[in-house]
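> here's a sequence, model it:
(4 chains)
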Number of protein chains: 2
Amino acid sequence: MFGQTALAVDRSFPRMRATDARQSYSGTVLNLAKHRSVYLAGDDADRIYEVESGAVMLSRILDDGRRQVVEIVFPGGICGLSSGDVYESCCETLTPTVLRSFKKTDLAHSDTLRSRIVEKLQSQIARIHDHTVSLGRKTAEERVCTLILRLRELENVRADAKECSVALPMTRTEIADYLGLTLETVCRTLSDLNRRKLVQVGAKKSEIRVPNVERLRQVAHCDA
Amino acid sequence: MFGQTALAVDRSFPRMRATDARQSYSGTVLNLAKHRSVYLAGDDADRIYEVESGAVMLSRILDDGRRQVVEIVFPGGICGLSSGDVYESCCETLTPTVLRSFKKTDLAHSDTLRSRIVEKLQSQIARIHDHTVSLGRKTAEERVCTLILRLRELENVRADAKECSVALPMTRTEIADYLGLTLETVCRTLSDLNRRKLVQVGAKKSEIRVPNVERLRQVAHCDA
DNA sequence: CGCCTGTTTGACGACAGTCAAATTAGGTGG
DNA sequence: CCACCTAATTTGACTGTCGTCAAACAGGCG
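Numbering: from 1, shown residues only, chains lettered A, B, ... in the order given. I've put the predicted structure just below:
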């Protein structure tokens, strides 16, 4: 099972400054099972969330039913941002997840919090840009390999390990909606990678072994 | 020509607080012609920029030459963010552009500046998510129409106008690299929209008339 | 065991990509 | 102002990757 143990957890919540000592500035902790809704598109956007463990996905749905997962937020990431007064995306957990939530109004008063968020958003935007490259310019195979490598990076795998095992915290449909593909294409691509021994799909379909990380990286055409 | 008059300009730079009165906190102004580099991927990421007028594009290039424009930043937007100590994307102007740049070290000391940036990044991320939906789930035609409508929104067009004229501040190749298409597909799509009278491509190929905004919106499948 | 959900595989078609050539726009210098 | 040259755009013919529709298979749970 893909859960709190599988994903690297950022437990380093900064000590509050004296001026931030009001209770609410350290946030409210939320404990959610998998496939639970955090908020829906159109909800009043009064809170932001920091993922402490687990993972959530942000998605948008077009009127004709097409869905795109616009972002997956892992521990240390922020969700619940919005440009207007309602959320544009809907947010749901992929796995059992712990969130820390803050009122937007508190954000306006806490420099510590804002400072922390600016820091986090910088790398978060960089990751979104990575994904934009996948969606705009990569083939189905490259997208799938890139995702596997990205998930590997998030687990507690020694960076230089030659081989590893990666847990996919999502269904084939969710992978497809994240990668801008259909679930059939995701299946076929995984089957093909499996045949060519670039990955080994386990008995549990969500367990992927990568016998040769470097070879997968070449197929993925990752910059990183 | 697409320039400072065509794009809505945000001139409202906030008055500095007393503690922010050091000269550098109001930034350094940069005046650039079109198609000038602001920074390259791999450059030391010591500054962030706010677009005052014009537009810049952030792009990434894969080792085999494929390019993806990951973001177009319009007046009011921020660029120069990075997760590490070097820029991951390269940044160049699309049109004549005025930028205000700040040292990252100043960012660490100015609450006013950080507060302003958090605000801006929220809507900026929402726009990136819009674009993610285009890349992941929309057809070539929908992507082109969505871009035209987005550019319209940025110009000083009355929101309720039934028809309008939009300037494309970029070449067909740049449009293609932004929309995850080839330049041939962008051309064909525009020609086809032109034939079907959904747009009128002007003598200047970068001038697009939209006779019926509402009809274009239907074709674009915009949520917004 | 039977049902429901998630996954896999197959056959076929369509949208967009590739390669190539023609046409047009824009800039420079005579 | 015009001739020329280069870059940008447009169009065509063909190909390939991925989407669509459909059916079979596997796993979890009452």
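
> rest of the way, CA atoms for contacts and neighbours
Will do.

> need the residues of chain A near chain B, please.
A:60, A:62-63, A:66-71, A:81-84, A:88, A:108, A:111, A:114-115, A:117-118, A:122-126, A:129, A:132-133, A:135-137, A:177-181, A:221-223 (CA under 8 Å from any CA of the partner chain).

> out of these, which end up buried?
Among the residues of chain A next to chain B, those buried by neighbour count (16 or more other CA atoms under 10 Å in any protein chain shown) are A:60, A:67-71, A:81-83, A:88, A:111, A:114-115, A:117-118, A:122-126, A:129, A:132-133, A:135-137, A:177-181, A:221-222.

> other SSEs contacting the helix ranked longest in chain A?
If you go by DSSP state H, chain A has its longest helix at helix A:111-137. Helices and strands touching helix A:111-137, as assessed by 3 or more CA pairs under 8 Å, 6 or more residues apart in numbering or on different chains; DSSP states H and E, comprise strand A:78-79, helix A:140-154, strand B:67-73, helix B:111-137, helix B:172-179.

> at 7 Å instead, please
strand B:67-73, helix B:111-137 (3 or more CA pairs under 7 Å, 6 or more residues apart in numbering or on different chains; DSSP states H and E).

> now the first one - C-alpha only, PDB.
These are the backbone C-alpha positions of strand B:67-73, laid out as PDB (Å, rounded to 0.1, in the frame of the first residue of the first chain):
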ATOM      1  CA  ARG B  67      11.100  23.000 -27.300                       C
ATOM      2  CA  GLN B  68       8.200  23.700 -25.000                       C
ATOM      3  CA  VAL B  69       7.200  27.200 -24.000                       C
ATOM      4  CA  VAL B  70       6.200  26.500 -20.400                       C
ATOM      5  CA  GLU B  71       4.700  29.900 -19.600                       C
ATOM      6  CA  ILE B  72       4.000  33.300 -21.100                       C
ATOM      7  CA  VAL B  73       4.300  36.100 -18.600                       C
END
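
> wait, what's in contact with A:Arg150?
Listed by CA atoms under 7 Å, 6 or more residues apart in numbering or on different chains, the contact set of A:Arg150 is empty.

> pLDDT of stretch A:163-171, averaged?
On average, the pLDDT along stretch A:163-171 is 95.

> that one close to DNA strand C?
Yes. Using CA under 7 Å from any atom of the strand, stretch A:163-171 reaches DNA strand C at A:Met170, A:Thr171.

> buried residues, the lowest-mean-pLDDT helix or strand in chain A. List them.
In chain A, no helix or strand scores lower on mean pLDDT, DSSP states H and E than helix A:104-107, which sits at a mean of 89. Applying a neighbour-count criterion of 16+ other CA under 10 Å, one finds A:Asp106, A:Leu107 buried in helix A:104-107.

> again with stretch A:168-179
So, applying 16+ other CA under 10 Å, buried residues of stretch A:168-179: A:Leu168, A:Pro169, A:Met170, A:Arg172, A:Glu174, A:Ile175, A:Ala176, A:Asp177, A:Tyr178, A:Leu179.

> geometric centre of chain A: which residue is closest?
The centroid of chain A falls nearest to A:Ile72 when counting by CA atoms, centre = their mean (2.6 Å).
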